[in-house]
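>>> A predicted structure for the sequence below; I have some questions about it.
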Amino acid sequence: MTDFFISYNKADKAWAEWIAWVLEEHGYTVIIQAWDFRPGGNFILDMQRATAEAQRTILVLSDAYLNGLYTQPEWAAAFKPDPTSTARKLLPIRVAPCNPTGMLAALVYVDLVGKSETEAETLLLEALPDRAKPTSRPRFPQGETPAVDRVTPPTVAYPTPAAPNLQTVSGGTGTQVNNPTAPVFAGPISGGTINITYPQGTPPPPTTPPPTTTQRLALFQKLTRLPSPQFEQILFALDPPAGNVPSAQAPQADRVKALLDWATRLGPGLESVEAVYNQVVSPP
């Protein structure tokens with residue numbers, strides 16, 4: 001038995017061949033008219049053998065497919081023995097905007113419209129197993145603090161004395177520093193906030209500049225191109241609170257955007273995401 005028969009209209013031949021190549025590249029067996037129906041053969045008998053021998057039929061969905069005459073008996077042959085889709089013998093893959101009608105409207109399709117090649121390959125391969133079980137154990141949910149309650153306190157750089165022989169005098173409400181260039185803590189401390197006053201003309205300690213627009217875009221693109229298992233490793237390492245990143249069924253671009261939004265607003269920052277990414281793709 002062959003794993004898949006690719007049913008397509010000639011207008012979508014490029015999509016059909018790409019799908020067939022990806023499947024065979026990952027160890028599946030495929031029958032496709034463009035490669036397997038050879039000169040000297042009988043087209044009708046070849047089609048009969050393909051629909052009879054394949055365990056499942058992939059529909060390359062588009063308006064051209066839905067309006068074609070010869071594509072209809074191809075999917076009907078797979079529909080007849082599995083009318084309730086229990087065996088998932090029909091796997092529709094939408095490659096162009098279209099609206100299936102009739103019995104095809106009830107089938108859940110894989111939507112590749114507008115996806116990059118990496119996203120499309122991930123969605124295609126994830127649709128093949130009977131279960132969408134994650135590749136790693138989900139995090140334990142007990143005692144989970146809602147994301148809205150998680151607040152990362154501001155980071156205050158430890159003030160370095162600008163000159164030797166720094167002398168301090170502690171009082172009841174704060175600390176005075178006998179150094180004209182050192183920052184002064186304006187006490188008391190309350191509500192988790194530390195007020196620091198710098199003498200006039202003295203710049204505050206340098207801070208790491210935020211990522212540029214180009215750096216943010218590059219990180220987004222790198223994460224979007226990652227295979228799903230490696231992206232799951234990054235999620236496991238960063239451990240965002242439940243509900244901040246969509247499940248694996250969502251498009252990877254949506255999951256990446258949610259992760260970066262969380263890392264920027266409440267999480268460890270984009271620098272930490274970049275560091276984890278480098279460890280995953282280039283482990284020590």
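Perfect, I can see it now. Please read all numbers here as calculations on a predicted model, not as lab measurements.
>>> could you pull out the strands for the stretch 51-200 of the chain?
54-61, 90-94, 110-111, 168-170, 175-177, 184-185, 196-197 (DSSP state E, counting those that start in this stretch).
>>> and for the second one, what are the contacting residues?
I take that to be strand 90-94. If you take CB atoms under 8 Å, 6 or more residues apart in numbering as the criterion, strand 90-94 is touched by 4, 19, 56-62, 75, 78-79, 82, 100, 104, 107-113, 124, 127-128. All C-beta atoms are positioned from the backbone trio N, CA, C, and that covers glycine.
>>> again, only this time at 10 Å
For strand 90-94, the surrounding residues in contact (CB atoms under 10 Å, 6 or more residues apart in numbering) are 4, 6-8, 12, 15-16, 19, 56-62, 65, 75-79, 82, 85, 100, 103-104, 107-113, 120, 123-124, 127-128.
>>> Looking at those, which are in helices?
15-16, 19, 65, 75-79, 120, 123-124 (DSSP state H).
>>> returning to what we had before: of the contacts of strand 90-94, select the buried ones using a PyMOL command.
Those of those that count as buried under 16 or more other CB atoms under 10 Å are selected in PyMOL with:
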select buried, resi 4+6+7+8+12+15+16+19+56+57+58+59+60+61+62+65+75+77+78+79+100+104+107+109+110+111+112+120+123+124+127+128
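>>> ok, residue 229 touching residue 135?
Yes. Contact criterion CB atoms under 10 Å: residue 229 and residue 135 qualify, at 5.1 Å.
>>> Okay, domains of the chain per the record?
Residue ranges for the domains of the chain, per automatic domain parsing: 2-126, 167-201, 210-281.
>>> For residue 58, give its distance to residue 6.
5 Å (CB to CB, to the nearest Å).
>>> which residues of the stretch 101-250 of the chain fall in helices?
117-126, 213-225, 228-238 (DSSP state H, counting those that start in this stretch).
>>> for stretch 16-23, the distance to its chain's centre please.
Stretch 16-23 has its average C-alpha position 22 Å from the chain's average C-alpha position, going by CA atoms, centre = their mean, to the nearest Å.
>>> Could I get the average pLDDT for it?
Across stretch 16-23, pLDDT averages out at 96.
>>> What residues of that stretch count as buried?
16-20, 22-23.
>>> what's next to it, contact-wise?
3-10, 12, 28-36, 58, 60, 65, 93, 95, 110, 112, 117, 120-121, 124-125, 128.
>>> burial count for residue 210?
The tally of other residues near residue 210 (other CB atoms under 10 Å) stands at 11.
>>> Run through the protein and note the low-pLDDT ranges.
143-208 (pLDDT under 70).
>>> Could you check how far the residue most central in space within it is from residue 245?
The geometric centre of the chain, computed from its C-alpha atoms, lies nearest to residue 252 (CA atoms, centre = their mean), at 2.3 Å. Look at residue 252 and residue 245: by CB to CB, they are 11 Å apart.
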